[in-house]
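Asks: I'd like to go over a predicted model; first the sequence, then the structure.
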Protein chains: 2
Amino acid sequence: MENKVILDRDEILEESLEKIFQWLDEKMYFKAKNELLKFNEADIAEMFEELLEEQDFLQQAIVVYRLLPKAVSVEVFAYLPSDDQLKIVDGITDAELSYIVQELDFDDKIDILEELPANLVDKILVETPKAERKLINTFLNYPDDCAGSIMTPDYISLQKDWTVAQAMSHIKKEGMDTETIYTCYVKDTGRKLIGIVSLRTLVVTDDDVKIKEIMHADYVCVNVDDDQEEVSEAFKKYGFIAMPVVDKEHRLVGIITVDDILDVIEDENTEDIERMAGIVDLEQSDEEYLDKSVLKHAKNRLPWLLFMMFMAMITGAILRTFEDMLSAVIVLVSYLPMLMGTGGNTGAQASTLMIRGLALDEVELEDAGKVLWKEFRIALCVGVALSAVNFLKILIIDQESVSIAFTVCLSMIFIVIFAKMIGGLVPLIAKKFGADPALMANPVIASSTDMISVLVYFLMASLILGI
Amino acid sequence: MENKVILDRDEILEESLEKIFQWLDEKMYFKAKNELLKFNEADIAEMFEELLEEQDFLQQAIVVYRLLPKAVSVEVFAYLPSDDQLKIVDGITDAELSYIVQELDFDDKIDILEELPANLVDKILVETPKAERKLINTFLNYPDDCAGSIMTPDYISLQKDWTVAQAMSHIKKEGMDTETIYTCYVKDTGRKLIGIVSLRTLVVTDDDVKIKEIMHADYVCVNVDDDQEEVSEAFKKYGFIAMPVVDKEHRLVGIITVDDILDVIEDENTEDIERMAGIVDLEQSDEEYLDKSVLKHAKNRLPWLLFMMFMAMITGAILRTFEDMLSAVIVLVSYLPMLMGTGGNTGAQASTLMIRGLALDEVELEDAGKVLWKEFRIALCVGVALSAVNFLKILIIDQESVSIAFTVCLSMIFIVIFAKMIGGLVPLIAKKFGADPALMANPVIASSTDMISVLVYFLMASLILGI
């Protein structure tokens, strides 16, 4: 490949993919395979994602997959998302599957074993050496989303009394079978982690220096039960490329590398974004949008829709108690969408910033007072600006009376203030009571600003218009 | 520090911080400094973030900062967010600032120089060797958000004819002054990148092997003008810890390391989330919520609020044309919040999933048909479920007529279908025309579902109720 810059690469991939589809159609599998082998494994996996998506080409794609050199097929498998992995599992023999699973890096192995049906897992585990089988079972038992579920036991262990030269020759021997060699771990006889040393330090240090003299004894580590979100915060804070994971007795049980953290950050962000829009994935599956069934999509979306519908019914009931007022001045109805909409939008802006601020640790619970004061002032600016525009529009374009204009515009200012303050406060309250701000805040705010908008508006109307 | 697990660490930091505030209050600066030095630089920086936030302790905090050993003070400075860096810049002498800037890693140096006022930058650059000054000026000129703005020129260069032993001794010499030593770069005489080789490969390979025999010539790289979001996609896809950046002539101009990518992912996600809520940071500043002024907050929020208010005015005008109908059956008004709310919420769910799917490359433009068909079916499920609940509620609790119930519930189903399909489609259309889906989609959808809700509802009412 002459041209290697990422963007051009995408185009090249696209062109090759077209050729491959053509060849699959003509059952020219070897040509397709050779085209694929021009690329590296991550690229091949990306192309297989496309190939496996087309139901009509599924069988042919799997034929080509089986033609790949074994080492490549394992790497490609590791790069694929789990639903594509399962499609491949369905199409290959048990022997091929068993080979792939044995050859996968330990953390990828655990990931696929978690997805496979139990009888397949048993079949694979029978062929696994006993010590590894035990380790696999331990790893399979770590709950999703905790540090244990994303760590790997394949790390470099050094002895504290070794010299740098001894350590380097050990790394040279073990280096290809571990997840990373760039951070090495020093344990005592009781498997307790006593220090870490980076390969950089080893490389720049003289051969006869002892490991214990150069290792960092005040390393940072995570607990095996820690939430993966907190682990990714630690990676962001310290800028490490790997972190040790310890159990309660401070024994080293595995390490987490930064490449897995990139996925964690992405998943956690997706979860937050979806929750803010009232979508809750109860199964916490990582299926992509198009792969998820209609019923699953509906199930994830319904709960909050129902909740918000009930809340809107209450708003409707409130509206109903003002029926007489509405009949008397029916024009009031036409400003309702604007007032409710603006309330909802301004509230959502405040809560979104707050949810994000909390997620990134930029805002803390103690800041509630500051947040309220800030949102109050922002609301005044925004509310007055919006009202001024409105005032002119009502007088000049709608040609309504000054008292109607005052009713609408004063309501607007109060609604914006209420909405901004609720939007700023509810995420903090959710956090205070241990609820996920992203989950609770937006639906609650959308509903409550609606109610407040209606109440404020009719209160104003009865005060100003005397109805 | 005996206890090193992250979570306990947070508590320990908190306790120390309290002590330090106490000591600052009593002007016992050395005690405060010694307490800080129990921690590593990332932790010290985190504590300074808290210290610098309190206006009353700002002067004292800077005194303590100036007491830190020079090497530590540089590291801590590098870890601080830019607004805290500026607070420190204001409090230290020009000589101290100059020292810090000289000692910073190149990429951190560029970051702070971009934030400093021009006269300070000039003062610092005067003391910089000419070659580096030129390099700094080149780097300062890369636009924000492109690969050039996050890269560093501090990498390990190897010659293709060197042996592994020669390479290792070169790395040993240069290793401490580069951003990473774990990926090394091989250039030809014209500075063109011809291959990369990982330290892992060097370590496991025999001493007398030539670099050109083990280097990867089909490496993946990014262009200096590439958007940083695409760079982070590449990191996610390939799982690298560093990537080379080349110019149009394929000359190596710098490298990007994964620790900087973690920040990019976070920033890009924040931007997307804010845009979805109709907040557009025109200055693209990375100030945190509490540090941003009220006016800036208001300015970021107003444009879309105004747009949405205008759209809601149109909805109001539509509502107004149905005034007679409303006066005739005033109870219809009380179901408006629910119908408009449900339309907005269901539309937002669909668009949020679509925006996220586009951002993660899970959904592409060609999928528009699939998306519409999927959202249509999801909308049917969701719409029928919500309507069923509503139908019973209107008959039993509200005790309204069957025709009212039908009007509301049929409207509901149509509104949900429209909203879901618009929500699914608008982000794709935005993308098609080169607009940011996160920016365009949600406000447009919120406004258009409102209008559609009102239209559908009154159309149904006139059909079913014959008014």
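Replies: Perfect, I can see it now.
Asks: okay, the residue of the stretch 51-200 of chain A found nearest chain B: pLDDT?
Replies: Residue nearest to chain B within the stretch 51-200 of chain A: A:G175 (4.3 Å; Cβ to the nearest Cβ). Bear in mind the C-beta positions are built from the backbone N, C-alpha and C, glycine included. Listed pLDDT for A:G175 reads 84.
Asks: Quickly note the distance from the nearest residue to it once chain neighbours are set aside to B:W162.
Replies: Leaving aside its chain neighbours, A:G175 sits nearest to B:V204 (4.3 Å; criterion: Cβ to Cβ, 6 or more residues apart in numbering or on different chains). For B:V204, the distance to B:W162 (Cβ to Cβ, to the nearest Å) stands at 17 Å.
Asks: Tell me, how many residues neighbour the residue nearest to A:Y289 when sequence neighbours are not counted?
Replies: Of all residues not flanking A:Y289 in the chain, B:G357 sits nearest, at 4.3 Å (Cβ to Cβ, 6+ apart). Using other Cβ atoms under 10 Å in any protein chain shown, B:G357 is surrounded by 22 other residues.
Asks: swap in A:L36?
Replies: That count, for A:L36 with other Cβ under 10 Å as the rule, works out to 23.
Asks: Quick check: it touching A:A45?
Replies: No - taking Cβ atoms under 8 Å as the definition, A:L36 is not a contact partner of A:A45, at 10.0 Å.
Asks: ok, which stretches of the stretch 51-200 of chain A are strands?
Replies: A:156-158, A:183-187, A:193-198 (DSSP state E, counting those that start in this stretch).
Asks: circling back: show the contacting residues for the residue nearest to A:G175.
Replies: Going by Cβ atoms under 8 Å, 6 or more residues apart in numbering or on different chains, B:V204 touches A:I171, A:K172, A:G175, A:M176.
Asks: and if we set it to 7 Å?
Replies: Contacts for B:V204 (Cβ atoms under 7 Å, 6 or more residues apart in numbering or on different chains) come out as A:K172, A:G175, A:M176.
Asks: which bits of the stretch 51-200 of chain A sit near chain B?
Replies: By Cβ under 7 Å from any Cβ of the partner chain, the residues of the stretch 51-200 of chain A that approach chain B are A:M168, A:I171, A:K172, A:G175, A:M176, A:I181, A:Y182, A:L199, A:R200.
Asks: which among these end up buried?
Replies: A:M168, A:I171, A:G175, A:I181, A:Y182, A:L199, A:R200 (16 or more other Cβ atoms under 10 Å in any protein chain shown).
Asks: now the helices for the stretch 151-300 of chain A?
Replies: Counting by DSSP state H, counting those that start in this stretch, one finds helices in the stretch 151-300 of chain A at the ranges A:164-174, A:199-204, A:211-214, A:228-238, A:258-276, A:294-321.
Asks: I'd like to know which elements the first one is packed against.
Replies: Counting by 3 or more Cβ pairs under 7 Å, 6 or more residues apart in numbering or on different chains; DSSP states H and E, the packing neighbours recorded for helix A:164-174 are strand A:156-158, helix A:199-204, helix B:199-204.
Asks: Dump the ones you listed into TSV; add mean pLDDT as well.
Replies: Output for the helices and strands packed on helix A:164-174, formatted as TSV (pLDDT from 0 to 100):
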stretch	mean pLDDT
strand A:156-158	94
helix A:199-204	93
helix B:199-204	93
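Asks: what's the closest of those to A:T449?
Replies: Nearest to A:T449 among the helices and strands packed on helix A:164-174 is helix A:199-204; the distance by Cβ to Cβ comes to 53.7 Å.
Asks: coming back round to it: what about the residue of the stretch 51-200 of chain A closest to chain B, distance to B:A430?
Replies: Counting by Cβ to Cβ - A:G175 and B:A430 are separated by 48 Å.
Asks: and the angle for the top helix by length along chain A with helix B:294-321?
Replies: Determined from DSSP state H, the single longest helix within chain A is helix A:402-432. Angle, helix A:402-432 to helix B:294-321, by axes from the mean of the first three to the mean of the last three Cα atoms, to 10 degrees: 120 degrees.
Asks: per-residue confidence at the residue nearest the centre of chain A?
Replies: Residue closest to the average C-alpha location in chain A (Cα atoms, centre = their mean): A:D267, at 1.8 Å. We have a pLDDT of 86 for A:D267.
Asks: any idea how far it lies from chain B?
Replies: 10 Å (Cβ to the nearest Cβ, to the nearest Å).
Asks: same deal with A:G434?
Replies: Taking Cβ to the nearest Cβ as the measure, A:G434 and chain B are separated by 15 Å.
Asks: burial of that residue, as a residue count?
Replies: 6.
Asks: where does the stretch 1-150 of chain A dip in pLDDT?
Replies: For the stretch 1-150 of chain A, applying pLDDT under 70 flags the ranges A:1-7.
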